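# My questions are about this predicted structure, shown below with the sequence.
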Amino acid sequence: MAAGVQKWTVYFGGAFSMAAGQPRAALAAVDASGALTAWNPGASGPTPVPIRALTAEGWWIRIGGQFTRIDGRLLSNFARIPPKS
């Protein structure tokens, strides 16, 4: 599991397919109240997709792990995506 904080949101990744009872492919976020946000870029690759690193800095969420796609885009093992993906 890896996590990063940006303003009032905690972004996290790991080897999971559900978060708070909602489908989330290895990536999810919660707001300051602990509620799951709409952020759902999804990761695909080997099942389960292991996300090993995640940082939330400035305008970007940086993700590292064993994946082939993030948010439907071909981004193998390292991705930099906006927090509103």
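It's in.
# Going by C-alpha atoms from here, please, whenever you check contacts or count neighbours.
Fine.
# Nearest to the spatial middle of this structure, which residue is it?
residue 27 (2.8 Å; C-alpha atoms, centre = their mean).
# residue contacts, that one?
For residue 27, the contacting residues are 11, 12, 13, 14, 16, 40, 41, 42, 43, 51, by C-alpha atoms under 8 Å, 6 or more residues apart in numbering.
# how about a cut-off of 10 Å?
Residues in contact with residue 27 (C-alpha atoms under 10 Å, 6 or more residues apart in numbering) are 1-3, 11-19, 39-43, 49-51, 54, 63, 70.
# out of these, which are inside helices?
Among the contacts of residue 27, no residue falls in helices (DSSP state H).
# Type out the PyMOL command that picks the buried ones from these.
To isolate the buried members of the contacts of residue 27 in PyMOL, using 16 or more other C-alpha atoms under 10 Å:
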select buried, resi 2+3+11+12+13+14+15+16+17+39+40+41+42+43+49+50+51+54+63+70
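# Mind checking which of the contacts of residue 27 land in strands?
Among the contacts of residue 27, the subset assigned to strands under DSSP state E consists of 2, 3, 11, 12, 13, 18, 19, 43, 51, 54, 63, 70.
# Can I get those residues in TSV including distance to residue 33?
Formatted as TSV, the ones in strands among the contacts of residue 27 follow (distance: C-alpha to C-alpha, whole Å):
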residue	distance to residue 33
2	20
3	16
11	13
12	15
13	19
18	19
19	15
43	25
51	24
54	21
63	24
70	26
